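**Student:** With the input below, show me the fold.
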Amino acid sequence: MSQVRVLFCCMGNICRSPTAHGVFEGMVREAGLSERIFVDSAGTHAYHLGEAPDRRSQETASKRGYDLSRQRARKVRGEDFLEFDYVLAMDQDNYYNLQAICPPGYEARLALFLDFAPELGQREVPDPYYGGPNGFEQVFDLVEAASRGLLAEIQGKS
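**Tutor:** Down below sits the predicted model:
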């Protein structure tokens with residue numbers, strides 16, 4: 001299996017995509033695949049460049065055994081489609097933003113992250129930024145389910 005590269009994308013890269021980054025990276029590590037699967041995250045907007053993930057995301061992550069503290073927000077670039085095998089949007093708005101910068105011929109790399117957890121009956125990870133702590137817990141539940149599905153797909157292709 002050659003190295004698989006996965007990029008998670010939300011709007012500001014401080015809540016949902018860093019959560020997916022940390023959760024998926026943790027599952028990859030537990031599966032012993034850290035050398036074979038590279039994980040990163042980015043935002044479609046430059047609101048929080050260089051910032052650490054939202055404190056509430058970090059607190060929820062810590063409670064669940066994940067560490068997001070080393071991550072820093074960056075903006076997604078069209079070149080990311082050339083470098084990553086999976087470019088995964090957290091919601092439809094960000095999917096459209098990513099679609100607009102996707103180079104021709106790389107559209108198959110773009111997907112909604114929750115498509116890897118069809119059993120949830122939901123296609124979008126809601127933005128918890130303006131909500132309460134329950135929103136962050138819900139995001140982690142969704143992200144953990146989709147991460148398991150994504151990991152299974154990648155392992156199935158090896």
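
**Student:** distance between stretch 99-110 and the chain's centre?
**Tutor:** 17 Å (CA atoms, centre = their mean, to the nearest Å).

**Student:** List of residues touching it?
**Tutor:** If you take CB atoms under 8 Å, 6 or more residues apart in numbering as the criterion, stretch 99-110 is touched by 76-78, 81-82, 84-89, 95, 98. Every C-beta, even on glycine, is put in place using the N, C-alpha and C of the backbone.

**Student:** List the buried residues of that stretch.
**Tutor:** Cys102, Arg109, Leu110 (16 or more other CB atoms under 10 Å).

**Student:** Pass me the low-pLDDT residue ranges in this structure, would you?
**Tutor:** Flagging of the chain using pLDDT under 70 yields the residue ranges 1.

**Student:** Show me the strands in it, by range?
**Tutor:** For the chain, the strands defined by DSSP state E cover 4-10, 37-43, 86-89, 110-112.

**Student:** can I get the ones you listed in CSV with distance to Val125?
**Tutor:** Below are the strands of the chain laid out as CSV (distance: least, CB to CB, whole Å):
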stretch, distance to Val125
strand 4-10, 8
strand 37-43, 12
strand 86-89, 9
strand 110-112, 9
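
**Student:** Can you check which of the ones you listed gets nearest to Pro18?
**Tutor:** Proximity to Pro18, assessed across the strands of the chain by CB to CB, is greatest for strand 37-43 (5.3 Å).

**Student:** So which elements touch the closest one?
**Tutor:** Applying 3 or more CB pairs under 8 Å, 6 or more residues apart in numbering; DSSP states H and E, one finds that strand 37-43 makes contact with strand 4-10, helix 16-30.
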